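> fold the following.
(one chain, ligands or ions: 1)
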Amino acid sequence: MVRYIALKGLYDLEKTIGSGGFAKVKLATHIATGEKVAIKIMDKISLGDDLPRVKLEVQALKTLLHQHICRLYQVIETDSHYFMVIEYCSGGELFDHIGIEKNRLSETESRKFFRQIVSAVAYLHSLGYAHRDLKPENVLLDREENLKLIDFGLCAKPKNGIDSHLQTSCGSPTYAAPELILGKKYLGSEVDIWSMGVLLYALLCGFLPFDDNSIENLYRKILSGKYDEPSWLSSSSKRLIRAMLQIDPKKRITIQELCNHPWITAGFLNPVSFVHKTNFEKDDDVLSTMSAICGEHASDIWRKLVKSDRTDYRTATYLLLLDRKLRGLSLRISPSA
Ligand SMILES: COc1cc(O)cc(Nc2ccc(C(=O)Nc3ccc4c(c3)C[NH2+]CC4)cc2)c1
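Alright, predicted model coming up:
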């Protein structure tokens, strides 16, 4: 196992759990608390001119505090690498959870998960961000089967707000909206809605609405906006999917309409909402556990935490201890912290 000096004494690296373009994601243990984390390791040289994206993503993740958005705990930068220490979603990819045999979810189960995606995206858009790469691989589950959106490497926060146009073509074609694959100016919020329509279709059907091995055929299918409606889809499901997979982005349902849509609220008391979690809730048990080990006063630890850029080892230790407490586990910490 290649040893990274920057992680020595802080994290023990274990197996690789994900890999993409210029990054690989490894399971790791946060030594001070024994908690599992995921570490996204990026080599600066292979990042090339994608380097600024890392800073954009880190900046976004420091702001995005939501129960269905995977949490960033720590960022470590060396001359050669970036390390992003991220919440470990032990349930893996949502679509692996659906399993091969039944390969699709019931309407009720799809609704449970889809409401969580809508809540995360509505929150994202409310802060002026668009994800732009919503696809099954970027939807994970934690140990309690709560959904977590990951990989904000392509997320955009247009400087003039979410309603100003973007142009960069990005994301995977299979989930990409017609206006995006045509290279037109587009609204991030509108392409996210399209991708969510593809996700919902995949949950309910077990296969993709637009799929083809040849990229030209795939584009032709997407631009036609025509897809199969299997017999098991309820008319309510069909109506919602049609509203999301509208070729004309101006005719597409908006995130606000989605939160209140009858399919979304069926069986639930309320429309989808979101709470912008305040940065840190102060927890005296966690602070006293940390002060017992590092010898600093709890008040000093808290002051430094609040003042910090919220991506250092102290922050990761605090947040992981807080997670343990919220799960009703003992607050243990090893002296090496
Ligand atoms: C904010 O969250 C991010 C941001 C980012 O740029 C990248 C990631 N990438 C991750 C990819 C995978 C995992 C992960 O935990 N994968 C995982 C977990 C458990 C299991 C598997 C994969 C697959 N086998 C079953 C068990 C975590 C972060 C996140």
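> just checking, what packs against the worst-scoring helix or strand of the chain on mean pLDDT?
Within the chain, confidence by mean pLDDT, DSSP states H and E is lowest for helix 94-98 among all helices and strands, at a mean of 86. Under the contact definition 3 or more Cβ pairs under 8 Å, 6 or more residues apart in numbering; DSSP states H and E, helix 94-98 sits against strand 139-141. Just so you know, the C-beta spots here come from the backbone N, C-alpha and C atoms, and that holds for glycine as well.
> give the rounded mean pLDDT of the strand it packs on.
For strand 139-141, mean pLDDT is 97.
> that one - contacts with which helices or strands?
Helices and strands touching strand 139-141, as assessed by 3+ Cβ pairs under 8 Å, 6+ apart, comprise strand 92-93, helix 94-98, strand 147-149.
> and that strand, which strands flank it?
Strand 139-141 pairs in its sheet with strand 92-93 (antiparallel), strand 147-149 (antiparallel), by DSSP bridges.
> so does the longest one get close to the ligand?
No: between strand 147-149 and the ligand, judged by Cβ under 6 Å from any ligand atom, nothing touches; the nearest distance is 7.4 Å.
> I'd like the next helix or strand past that strand.
helix 178-181 (DSSP states H and E).
> would you turn the strands paired with strand 139-141 into TSV with mean pLDDT and mean neighbour count?
Output for the strands paired with strand 139-141, formatted as TSV (pLDDT from 0 to 100; neighbours: other Cβ atoms under 10 Å):
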stretch	mean pLDDT	mean neighbour count
strand 92-93	94	14
strand 147-149	97	24
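> quick revisit: switch the helices and strands packed on strand 139-141 over to a markdown table; also include distance to residue 174.
Below are those laid out as a markdown table (distance: least, Cβ to Cβ, whole Å):
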| stretch | distance to residue 174 |
| --- | --- |
| strand 92-93 | 15 |
| helix 94-98 | 13 |
| strand 147-149 | 18 |
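> contact partners for residue 261?
Residue 261 makes contact with 240, 243, 253, according to Cβ atoms under 8 Å, 6 or more residues apart in numbering.
> which residues touch the first one?
To tie it back to what came earlier, the one meant is residue 240. 200, 253, 261, 263-264.
> most surrounded residue in those?
residue 200 (24 neighbours; other Cβ atoms under 10 Å).
> which residues does that residue contact?
Going by Cβ under 8 Å, 6+ apart, residue 200 touches 110, 114, 240-241, 244.
> 7 Å - rerun?
110, 114, 241, 244 (Cβ atoms under 7 Å, 6 or more residues apart in numbering).
> what parts of the stretch 1-150 of the chain come near the ligand?
Counting by Cβ under 6 Å from any ligand atom, the stretch 1-150 of the chain sits next to the ligand at 17-18, 25, 38, 40, 57, 61, 70, 72, 86, 88-90, 92, 140, 150.
> mind listing which of these are in helices?
Counted as lying in helices by DSSP state H, out of these, are 57, 61.
> of the residues of the stretch 1-150 of the chain next to the ligand, buried ones?
17-18, 25, 38, 40, 57, 61, 70, 72, 86, 88-89, 140, 150 (16 or more other Cβ atoms under 10 Å).
> report the distance from the longest helix seen in the chain to the chain centre.
Under DSSP H, the helix in the chain containing the largest number of residues is helix 107-126. Distance, stretch centre to chain centre, for helix 107-126: 12 Å (Cα atoms, centre = their mean, to the nearest Å).
> list the buried ones in that helix?
Neighbour-count burial for helix 107-126, with 16+ other Cβ under 10 Å as criterion, is recorded at 107, 110-111, 113-125.
> any idea which element the residue nearest to residue 308 when sequence neighbours are not counted lies in?
The spatial neighbour of residue 308 that comes closest, neighbours along the chain excluded (Cβ to Cβ, 6 or more residues apart in numbering), is residue 315 at 6.1 Å. Using DSSP H and E, residue 315 falls within helix 313-326.
> buried sites along that helix?
Quick answer for helix 313-326 (16+ other Cβ under 10 Å): 313-324.
> contact partners of it?
With Cβ under 7 Å, 6+ apart as the criterion, helix 313-326 contacts 10, 30, 32-33, 35, 71, 73-74, 85, 283, 285-286, 289-290, 304-305, 308, 331, 333, 337.
> list only buried entries from those.
Counted by 16+ other Cβ under 10 Å, these give 10, 30, 32-33, 35, 71, 73-74, 85, 283, 286, 289-290, 305, 331, 333, 337 as buried.
> most distant residue from the centre of this protein?
residue 295 (35.9 Å; Cα atoms, centre = their mean).
> contacting residues around that residue?
Counting by Cβ under 7 Å, 6+ apart, residue 295 touches no other residue.
> and it, how far from the ligand?
Remark: distance between residue 295 and the ligand (Cβ to the nearest ligand atom, to the nearest Å) = 32 Å.
> for residue 244, same thing?
In this view, residue 244 and the ligand are 24 Å apart by Cβ to the nearest ligand atom.
> contacting residues around that residue?
So residue 244 contacts 193-194, 196-197, 200, 252-253 (Cβ under 7 Å, 6+ apart).
> now it: closest residue in space, sequence neighbours ignored.
Per Cβ to Cβ, 6+ apart, closest to residue 244 is residue 197, 2.9 Å.
> quick one on the thing from earlier: contacts for the least confident helix or strand of the chain?
So helix 94-98 is in contact with 91, 104-105, 113, 136, 139-141, 147, going by Cβ under 7 Å, 6+ apart.
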